[in-house]
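S.K.: Sequence and predicted model, in that order:
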Amino acid sequence: MLMTPARDPGSHSRHAQLPPRSPERFASPSGVTTPKGQVVHTADGRELVIRSIEPGDITAMQRCFKRLSPQDVRRRFMHAMSELPAPMAQRLCRIDPAMEAAFVLMDETVKPAELRGVGRIFVDEASNTAEFSVLVEREWTRIGLGALLMQQLVDESRRRGLSELWGYVLMENRPMLQLCKELGFVANMLPGEAGTAQISLAL
Ligand SMILES: CC(C)(COP(=O)(O)OP(=O)(O)OC[C@H]1O[C@@H](n2cnc3c(N)ncnc32)[C@H](O)[C@@H]1OP(=O)(O)O)[C@@H](O)C(=O)NCCC(=O)NCCS
């Protein structure tokens with residue numbers, strides 16, 4: 001997640017609403033809640049649990065990071081990183097609920113449970129907006145989990161009364177740009193940063 005504050009949010013293009021949710025398009029929470037979180041069934045029959053991130057997720061997050069390709073790391077963190085330093089993992093898991101929200105997709109079918117995806121927002125109070133980031137482990141992509149996490153972030157941002165959800169996406173990151181386009185976000189080029197777009201959704 002980028003920790004930079006929102007940049008000139010007033011200059012973003014605006015867009016109305018997310019398209020309606022479709023069970024074919026989104027991996028959907030089953031409505032079943034267990035002590036571990038809400039059960040999610042993917043279209044190809046796999047099962048995960050979605051819940052808020054917890055301090056106890058640090059080691060699972062570090063294991064997840066080790067499974068990422070250099071390309072996924074660069075797309076998520078916007079630069080290369082060979083490892084996820086422990087202080088950063090701690091910081092990402094011990095969130096300040098007033099300023100952040102993060103949802104994890106946990107695979108409870110394996111022991112220890114593994115983190116397959118995470119989406120988070122970081123609120124910028126001054127602009128009443130939030131910056132998002134999202135990540136789905138490669139073997140779990142293309143089954144609606146990225147869309148599900150993004151929808152959670154939109155819902156959470158609306159619950160907090162924020163006016164806009166936005167994030168940075170590398171221009172070469174076609175999957176994320178396509179996903180955001182499908183979800184109704186609009187992309188704007190960042191002046192002076194040719195390889196990066198700022199995408200945003202008015203809430
Ligand atoms: C981008 C990312 C979150 C997408 O997650 P996902 O779980 O595959 O997303 P979904 O399955 O919900 O939706 C995928 C949609 O996005 C687009 N998409 C996803 N992967 C794609 C790919 N490899 N090529 C083209 N489009 C792709 C498609 O429109 C796709 O819909 P479809 O499967 O119906 O065609 C995931 O690839 C990822 O974590 N990438 C690395 C980190 C990253 O780029 N984060 C974004 C910056 S914060």
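M.R.: Good, I have the coordinates. Numbering: from 1, shown residues only.
S.K.: Contact partners for residue 145?
M.R.: Residue 145 makes contact with 27, 40, 42, 48, 105, 116-117, 136 under the criterion Cβ atoms under 8 Å, 6 or more residues apart in numbering. Quick note: C-beta positions are derived from backbone N, CA and C, even for glycine.
S.K.: I'd like to know how far it sits from the ligand.
M.R.: In this structure, residue 145 and the ligand are separated by 4 Å, where distance is defined by Cβ to the nearest ligand atom, to the nearest Å.
S.K.: Would you mind listing what in the chain touches the ligand?
M.R.: Within the chain, the positions lying close to the ligand (Cβ under 6 Å from any ligand atom) are 72, 75-76, 133-136, 141-147, 167, 169, 173-176, 178-179, 182.
S.K.: Can you say which of these are buried?
M.R.: Among those, those classed as buried by 16 or more other Cβ atoms under 10 Å are 72, 75-76, 133-136, 141, 143-147, 167, 169, 173, 176, 179.
S.K.: Let's see which of these end up in strands.
M.R.: Judged by DSSP state E, strands contain the following of these: 133-136, 167, 169.
S.K.: Now render those as a markdown table, adding distance to residue 89.
M.R.: What follows is these, written out as a markdown table (distance: Cβ to Cβ, whole Å):
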| residue | distance to residue 89 |
| --- | --- |
| 133 | 15 |
| 134 | 17 |
| 135 | 13 |
| 136 | 18 |
| 167 | 21 |
| 169 | 23 |
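S.K.: Which single residue in this protein comes nearest to the ligand?
M.R.: The minimum distance from the chain to the ligand, using Cβ to the nearest ligand atom, falls at residue 146 (2.5 Å).
S.K.: That residue: what's it in contact with?
M.R.: 117, 134, 136, 175-176, 179.
S.K.: So which bits of the helix ranked longest in the chain are buried?
M.R.: Here the longest helix in the chain is taken by residue count, with DSSP state H as the criterion, and it is helix 145-159. Residues of helix 145-159 classed as buried by neighbour count (16+ other Cβ under 10 Å): 145-154, 156-157.
S.K.: now for those residues, which pair is the farthest apart?
M.R.: In terms of Cβ to Cβ, the buried residues of helix 145-159 reach their longest pairwise distance at 145 and 157, which sit 18.7 Å apart.
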